[in-house]
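Novice: Predicted coordinates and the sequence they were generated for:
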Amino acid sequence: MANDILQADETLRTLRAEVPVSATLHVWLKATGSDEPGTMAFILDGEKIGDVSVSNCEEYVFRPFVAVSGGNLSCVYDTATTAVSVAYFFNAAEVVDKGITVMHTSVANAPAPVPHGYHFRPPFGWMNDPNGFGRFDGRPHLFYQHYSHGLRWNTMHWGHAISTDYIHWHHMPIFLFPSEDLTARPDRRGGAFSGSAIPLENAAGIRVFFTEQVSERIPETQIQLTATSHNIITASQAEVILANRPSGLGLTLDFRDPYVVKGPDGLWKMVLGSLSHQGGVILLYETDDPAAATGWRFVGTLLLEDRFGTAVIECPCLIPLDGPVEGAETRWALIYGLMNSLETKTGRKNLTLIIVGRFDGVRFHREFEQELDFGTDNYAFQAFVDQDTAVGIGWLANWADVSHTIDFPTAMTLPRNLLLRGNEVLTPPVPAVETLRAGMIDDSRLMAGETVALDNGAVEIVLDLTGPGAAVELAFGHPLVTLGVGVNEEGLLISYAAPGQEQGPRYIATGAKPQNLRIFLDVGSIEVFADGGRWAGTKRIEGFEPLQSVRVVSGVRAIRSARVYALKLNRAT
C-alpha cells in the first residue's frame, strides 16, 4: 500500500503508484463540507488525465476511473475539501490472476494488524457472512458481506476474493453494490444482504441471488434479487425475483439469505430463512427455468425449528453429501444458523445445526442432526460440493459479541470439508492447511510438561491421546484472555474468559470422547478439530495480541504424542 505523501501545501495529499496499461481505479471519496465538492485529480507521468468529484458530505461515494496508459500515477486531493476512504487499482484482463492493488485506506477502515495471520480477512473495512461460495471458471470464489468505510456493520455490499486452494486468496474489486439511495448515508438502513451463486447456463460467468433490505420499505423490508456477471468482476443491474413473503404462514418481516441448488428432480431449488409464530422456518422455492432467472414459486415449509427460543433461521444451505444430486439414496445436509437462539444448559447463543436426511425435491426426511460447531463462532456457514467433496466456510464471529458502537475486525474460519461417516458428519479443515506448516516448534517438551513458547502465535498443535476420552487439559498464555482446551468426563471443551468477564458461555461438546486433537491458533482465534473433525469448536479471541505459550495443566500421561508446528501463509502464492 502506498502511503499518503504530504506536499508543500499542508492540506494537499498524493497517492502514488506504478499502474499497468488500462488500469481501472476504484476510489471512494466525500466532501468534507457542504460548500465545496470533494475532488481527486489523476496525473500520469506529470500530465493530468482526468478527475472525479462528489458533493455528498455524509458518506463516501464510489467513483471509477480508467488510466488508458500505464506509468507513474499520482492521485491528488485536498484534505480541506476531500476525504478519501479507499483507493485501489487493477487491470481487468489480469485481475482474476493477480487481484487488486490497494493504494489507500483510512484509519477508520484499515485492515487488522495481523502480519502473521493465515485466516481470510478483507483488505479493508467490515466483513461478515460468506456469500456465493463456489468454484466458478475453475477456481474457488468467496463473496462476503462487506462495508468498506469502517469496522462496524453498515450498508451491505458484497466483497470478493479468489483462491486456488481455499487457503491462499487474492482480493478482487467490490462485486455487488446496494442501490444509490442506500449508499447515500451511513445509516444502516439495509443493502445487499446474504445469498448464493450458481454458474451461468451455457456461458462463462455466474448468477447471484441475494436479499435486498430497506428497513423502512412497506410492506416488505426484505425481498430477493438476482444479478449476473460474465466476467466475475462486476455484476449486472439486479432484478427482483421474489417481491413478497408467502402469505398465510404468519411470518415476520424476516425473509432472507437465498441459497440456490439443483434438486434431485432437475429443477433449481431455493431455500430461505424466516420466522413464524411457531418458530424459525426454512422456506422452499423452485423454478422450471433452466437459467434460474424467473418463475420462482413457493413449494412449502421445508423445516420448522421451535427449540432454543425465538430464533430466526438465517443462511440456510442445502447440499448433497454422499452421492449425485439425482441419486435416490443420496443423503443431503440442511445447514442453518439460529439468530437469537439460546442453549440454556451452556449459555451459548446463535447456534448452527446440520440435519442429514433424504431430499426428494419437495420434502426433507430427517435421519439425524448434530451441531456444526460447539464453539459457536463459526456462523453463517455456507457450503457447496466441489468435485464430489463438500467444502464450506463460516464467519469467525458471533452476533452475541458484535456491537454497532465498537470496531470489530474479524475473519473467516478455516475452510472445512464435510464428510459423511455413518450417522456422523465430520468437518475437518481442507487438506491444504498442511501447506501452512513452516517447521516444527516442538515434539517433546509439551508432552514432558514444559511450557512451549509460540513465537507469533500462528501454530498448529496435534495431540494423540492414549485412548478415547483420555483426560487432558491445555492452558494458553495470552496477555488479555484466559484460554484453555480440555477433555474430561463431560466431553471436549474450550474454556474462555475475556477481560472483566465473570462468567460466560460454556463451550462444550457434551459426551465427546476424542483421541486425536488438532488445534489451530491464530491472532484472534482458536479452532479445535477432534477425531478428524467429528467435533469442531471455533472461538474468536478478543484483541490482536498473539497467544504466547502452551502447557499441559493436567493429563501429561494421557498424551501419546504431541507436535507443535509453526504456521506461515506464503502471501506470494
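Specialist: Cool, the structure landed. Numbers count the residues shown, from 1 in each chain.

Novice: All the helices of the stretch 1-150 of the chain, in order from the start?
Specialist: Remark: helices assigned in the stretch 1-150 of the chain by DSSP state H, counting those that start in this stretch are 95-98.

Novice: Run a quick neighbour tally on the closest residue to residue 62 other than its chain neighbours.
Specialist: Of all residues not flanking residue 62 in the chain, residue 28 sits nearest, at 5.5 Å (C-beta to C-beta, 6 or more residues apart in numbering). Any C-beta I mention is one placed from the backbone N, CA and C, and that applies to glycine too. Using other C-beta atoms under 10 Å, residue 28 has 25 neighbouring residues.

Novice: Look up the closest residue to residue 122, ignoring the ones flanking it.
Specialist: Leaving out its chain neighbours, residue 122 is closest to residue 159 (C-beta to C-beta, 6+ apart), at 5.5 Å.

Novice: What of residue 300?
Specialist: residue 284 (5.8 Å).

Novice: Would you double-check that that neighbour falls in a strand?
Specialist: Yes. Under DSSP: H, G, I helix; E, B strand; the rest coil, residue 284 sits within a strand.

Novice: Return the per-residue confidence for it.
Specialist: Note on residue 284: pLDDT of 98.

Novice: Beta-bridge partners for it, please?
Specialist: Applying DSSP bridges to residue 284 gives these bridge partners: residue 271, residue 300.

Novice: Quick one: residues contacting the residue nearest to residue 122.
Specialist: If you count contacts by C-beta atoms under 8 Å, 6 or more residues apart in numbering, residue 159 has them with 122, 125, 127, 143, 144, 145, 146, 171, 172, 174, 175.

Novice: How about residue 525?
Specialist: Counting by C-beta under 8 Å, 6+ apart, residue 525 touches 119, 377, 396, 411, 413, 538, 539, 540, 541.

Novice: ok, how many other residues are close to residue 406?
Specialist: Neighbour tally, residue 406, other C-beta under 10 Å: 9.

Novice: who's in contact with the residue lying closest to it once chain neighbours are set aside?
Specialist: By the measure of C-beta to C-beta, 6+ apart, the closest residue to residue 406 outside its immediate chain neighbours is residue 152, 7.3 Å from it. The contact partners of residue 152, by C-beta under 8 Å, 6+ apart, come to 126, 403, 404, 405, 406, 407, 408.

Novice: For the nearest residue to the second one once chain neighbours are set aside, what are phi and psi?
Specialist: Closest residue in space to residue 403, ignoring its immediate chain neighbours: residue 152 at 7.9 Å, by C-beta to C-beta, 6+ apart. With angles defined as degrees, to the nearest 10, residue 152 shows backbone torsions of phi -130, psi 150.

Novice: per-residue confidence for residue 152?
Specialist: You'll see residue 152 listed with a pLDDT of 94.

Novice: Can you tell me how far it is from residue 182?
Specialist: 16 Å (C-beta to C-beta, to the nearest Å).

Novice: What of residue 276?
Specialist: Residue 276 sits 28 Å away from residue 182, going by C-beta to C-beta.

Novice: Pick out whichever of those two has more residues nearby.
Specialist: Using other C-beta under 10 Å, the more surrounded residue of residue 276 and residue 182 is residue 182, with 22 against 16.
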